[in-house]
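Sequence first, predicted coordinates after that:
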Amino acid sequence: MEKRVFGNTGVAVPVIGQGTWQMEDDDAEGAIRALRAGLDLGLTHVDTAELYGRGEVEEALVAKALEGRRDEVFLVSKVMPSNATLKGSVTACERSLKRLRTDHLDCYLLHWPGSHPLEGTVRAFEQLVKDGKIRSWGVSNFGVEELEEVLALAGPGRIACNQVLYHLEERAIEHAVVPWCEARGVAVVAYSPFGNGHFPSPDSAGGRVLAAIARAHGATPYQVALQFLVRRPSLFAIPKASDVAHVRDNAKAASLKLTVEELARIDAAFPRGDEPDSLPVI
Ligand code: NAP
């Protein structure tokens, strides 16, 4: 599994990880099996949040999947904006640690920009780092203006990542967010890389391009899409898969080598469009 240094953390993290949103709706044993199969294949970046199943995903799925394997994993969770005061962020993190049955997170994110002043959240994150409860911190769903605000509060080299919506039919982050992050050593993590299950149909023009490229490599269109999304060194992706066959598929995407010409064909088939006024979120 190809790894890359994750933002400013100095830690090598697999380019493809595992998401866990809405896993509480899946068969629990199957989801845990899928997560563990992913770990076996090197998909050790595991993304969760206090929001997911209101804590159930952390407690009943991720904690169980990680039993005896915590040291293999780059574990990420997120605080909800409504909890993200100085005190609220610290206690939310402590609750997540308890549910996850671990003593630290590898990265802790603010789930999206909220109404509590960012100063309190940043101070809480730095306190959590000092106390050894998190190794690094980042943000999610942040546009450039909001990133600038965090940078001004935290100083350079502190924001590990920005986790954002990024799939073939939603490439808005390429306009400004990716360049901003790359210039400052901030990892960009693509969430919903398969459009939260709305993948380009095989009958569509774009779907046919993916299928043709996939055929040339003995791969699947999903693998081609994932490899396109992590084609730059700042990029990581966290597909969610509760089906072990999907997990295997996703793990193989990391080693797929697309040619410059193939990347250009995908680029043309899924144009990035104009820069939107605000960052799209799911
Ligand atoms: P996604 O990864 O875009 O899509 C998941 C869907 O794709 C599931 O139905 C899954 O099926 C299917 N799938 C996975 N691998 C496949 C493959 N190789 N072939 C065919 N189908 C495949 O959806 P997502 O859950 O929205 O996004 C991924 C993760 O990003 C989330 O789980 C979460 O951790 C994170 N996220 C973060 C935010 C945020 O605001 N920060 C927002 C949304 C998501 P099965 O489950 O049946 O395998």
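Looks like it arrived, so ask away.

how about the residues of the stretch 101-250 of the chain near the ligand?
Residues of the stretch 101-250 of the chain found near the ligand (C-beta under 6 Å from any ligand atom) are 111-112, 140-141, 163, 191-197, 222, 238-243, 246, 249-250. (Each C-beta comes from the backbone N, C-alpha and C, glycine too.)

ChimeraX command for the buried members of those?
With 16 or more other C-beta atoms under 10 Å as the criterion, this ChimeraX line picks the buried residues out of these:
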select :111,112,140,141,163,191,192,193,194,195,222,238,239,240,241,242,246,249,250
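
which residues in the stretch 101-250 of the chain form strands?
With DSSP state E, counting those that start in this stretch applied, the stretch 101-250 of the chain shows strands at 107-110, 137-140, 159-165, 187-191, 235-237, listed in chain order.

What about the residues of the stretch 101-250 of the chain next to the ligand, which are in helices?
With helices taken from DSSP state H, the overlap with those comprises 222, 246, 249-250.

List just the nearest of those residues to Pro271.
For those, the minimum distance to Pro271 (C-beta to C-beta) is 20.3 Å, reached by Tyr222.

Pretty sure that closest one sits against Lys252.
No: with contact taken as C-beta atoms under 8 Å, Tyr222 and Lys252 are classed as non-touching, separated by 9.9 Å.

For the ligand, what's its nearest residue on this structure.
Here the chain gets closest to the ligand at one residue, Gly19, 2.3 Å apart by C-beta to the nearest ligand atom.

Could you report the neighbour count for that residue?
Other residues within reach of Gly19, judged by other C-beta atoms under 10 Å, total 26.

With the one 3 residues further on instead?
The number of residues packed around Gln22, counting by other C-beta under 10 Å, is 14.

show me the contacts for it.
52, 240 (C-beta atoms under 8 Å, 6 or more residues apart in numbering).

One more pass at 10 Å, please.
For Gln22, the contacting residues are 52-53, 57, 196-197, 240, 242, by C-beta atoms under 10 Å, 6 or more residues apart in numbering.

Now distance to Val79 and pLDDT too, for the residues you listed, in JSON lines please.
JSON lines is the format used below for those (distance: C-beta to C-beta, whole Å; pLDDT from 0 to 100):
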{"residue": "Tyr52", "distance to Val79": "12", "pLDDT": "97"}
{"residue": "Gly53", "distance to Val79": "16", "pLDDT": "97"}
{"residue": "Val57", "distance to Val79": "15", "pLDDT": "98"}
{"residue": "Asn196", "distance to Val79": "22", "pLDDT": "96"}
{"residue": "Gly197", "distance to Val79": "26", "pLDDT": "88"}
{"residue": "Lys240", "distance to Val79": "20", "pLDDT": "98"}
{"residue": "Ser242", "distance to Val79": "25", "pLDDT": "98"}
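
And these, which is closest to Phe270?
The closest of these to Phe270 turns out to be Asn196 (C-beta to C-beta; 16.2 Å).

isn't that closest one right up against Tyr166?
No: contact between Asn196 and Tyr166 fails when scored by C-beta atoms under 10 Å: they sit 11.8 Å apart.

Tell me, how many residues neighbour the nearest residue to Arg123 once chain neighbours are set aside?
Counting by C-beta to C-beta, 6 or more residues apart in numbering, Arg123 lies nearest to Leu86, which is 5.3 Å off, once chain neighbours are set aside. Leu86 is flanked by 16 other residues according to other C-beta under 10 Å.

if I pick Leu147, what's in contact with it?
The neighbourhood of Leu147, defined by C-beta under 10 Å, 6+ apart, consists of 113, 139, 159, 162, 176-177, 180-181, 184, 186.
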